[in-house]
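> sequence plus predicted model, see below.
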Amino acid sequence: MNGVLLKEAADAILNADYFIALTGAGISKESKIPTFRGEDGLWRNYDAMELATPSAFTRNPSLIWEWYAWRQGLISECEPNPAHNTLVRWEERGILKTLITQNVDGLHIRAGSVNVHEVHGDLWTLKCTSCNYRGRLMQPATGIPSCPQCNNHLRPDVVWFGELLDPVIMDHVYTELERADACIVIGTSALVQPAASFPLIVKQRGGKIIEVNVEPTMLTGTVDFYLSGKAGETLPALDELMI
Ligand code: NAD
Ligand code: ZN
C-alpha cells in the first residue's frame, strides 16, 4: 500500500467537516458474504443478477425464496469484519457523520453503526405482494412465506434490479450527500444506479472522494484518492494514521 497516499487520504478525512461513507458488497466479502459479480455470484448455476429481479420472483417464487433462505442462513453465521468495525469507531469519534450502504446483510448495524441508510433494504424484512403488510423474519425462511392479512405471497423487502428506491430513504440520503465535503466509497463496483452516482454528487459540490477497492471501477478515474486493497486491511490502516 502506498504510505504517502494513505496519509493524504487520512488527512482529507480528518480535515473534512462532514465526512460520509458509501459501501457495497465488497466490504462484506472478508466476512465471507458473496458479492453478485464474478464467480461469487453463482448459486446452483444460477446467476445472482438474474435471481434478484421482480420477474424472477413472479416466474418462480419458491426458487427465489430458496435462494434468500440460503443467503439468510449464510449471513446469520457471518460476523462483521475490521472494515465494518473501523466505520463504527469513526462514527463514535464523531468523524463519520453518516453511512449509506447498498448492502442488505445488516452487518453495519450488527457491528454497531447507528446512522445507517440501507438503500436496498434488509434481507430479513418482508412485504406482501398484494396488500400493505410488512413483517420481519427471525430465522431463514422455509418455503414461500404467506401474508397473515391476505394470504398472498410475501417477498423479501429488498430493492431488486429494475425497481425504484424508497423515496423517503432517498430524501434523507440526498440531503446527506449534499452536505458532505468528503466521502469514502468502499467495495462497490459503481455499476448499480442510482447508488453508483452518489459519490459524483459529493464531487460536483467540491467534496473529496476516497475509493477503497481491490480493483479499479468506473469511478476510479474521477476520485481524489484510490486506495487499492482489501477493505478489512485498508480501513484499519487509515485509522492508524488518524490520531
Ligand atoms: P458491487 O457492485 O458493490 O461489487 C462488489 C465490489 O467489491 C467490486 O468492485 C469488487 O472489486 C469489490 N471488492 C471485492 N472484495 C473486496 C474487498 N475485500 N475489499 C474491497 N473491495 C472489494 O456488489 P455486487 O456484488 O455486484 O452487488 C450489487 C448489489 O447487490 C448491491 O448493490 C447490493 O444491493 C446487493 N448485494 C448485497 C450484498 C450484501 O448485502 N453483502 C451482497 C451481494 C449483493
Ligand atoms: Zn397481504
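Looks like it came in fine. Ligands and ions are numbered 1, 2, ... in the order given.
> right, and the helix or strand after the lengthiest helix in the chain?
Identified as the longest helix of the chain according to DSSP state H is helix 61-76. Toward the C-terminus, helix 61-76 is succeeded by helix 82-92 as the next helix or strand (DSSP states H and E).
> could you dump that next one to PDB, C-alpha only?
The C-alpha trace of helix 82-92 is given here as PDB (Å, rounded to 0.1, in the frame of the first residue of the first chain):
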ATOM      1  CA  PRO A  82     -12.400  -4.900  10.700                       C
ATOM      2  CA  ALA A  83     -13.700  -2.600   7.900                       C
ATOM      3  CA  HIS A  84     -17.200  -2.500   9.400                       C
ATOM      4  CA  ASN A  85     -15.700  -2.000  12.900                       C
ATOM      5  CA  THR A  86     -13.500   0.900  11.700                       C
ATOM      6  CA  LEU A  87     -16.600   2.700  10.400                       C
ATOM      7  CA  VAL A  88     -18.200   2.200  13.900                       C
ATOM      8  CA  ARG A  89     -15.100   3.700  15.500                       C
ATOM      9  CA  TRP A  90     -15.100   6.700  13.200                       C
ATOM     10  CA  GLU A  91     -18.800   7.300  14.000                       C
ATOM     11  CA  GLU A  92     -18.100   7.100  17.700                       C
END
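> does it reach ligand 1?
No - Helix 82-92 does not reach ligand 1 (C-beta under 6 Å from any ligand atom); its nearest approach is 7.1 Å. Quick note: C-beta positions are derived from backbone N, CA and C, even for glycine.
> off-centre distance for that helix?
Distance, stretch centre to chain centre, for helix 82-92: 15 Å (C-alpha atoms, centre = their mean, to the nearest Å).
> run through the neighbouring helices and strands of it.
If contacts are counted by 3 or more C-beta pairs under 8 Å, 6 or more residues apart in numbering; DSSP states H and E, helix 82-92 sits against strand 19-23, strand 96-101, helix 107-111, helix 231-240.
> what residues does the helix or strand following the third one touch?
Downstream of helix 107-111, the first helix or strand assigned by DSSP H and E is strand 116-118. The contact list for strand 116-118, computed with C-beta atoms under 8 Å, 6 or more residues apart in numbering, reads 98-101, 103-104, 106, 108-109, 169, 172-173, 176.
> how near is Pro148 to Thr58?
Separation of Pro148 from Thr58 (C-beta to C-beta, to the nearest Å) stands at 22 Å.
> mind picking out the helix or strand in this structure with the poorest mean pLDDT?
Every helix and strand of the chain was ranked by mean pLDDT, DSSP states H and E. The lowest is strand 42-43, at a mean of 87.
> can that one be said to contact ligand 1?
No - Strand 42-43 stays clear of ligand 1 (C-beta under 6 Å from any ligand atom), getting no nearer than 11.0 Å.
> show me how far that strand is from its chain's centre.
With C-alpha atoms, centre = their mean, you get 19 Å for strand 42-43.
> continuing past that strand, what's the next helix or strand?
According to DSSP H and E, the helix or strand after strand 42-43 is strand 46-47.
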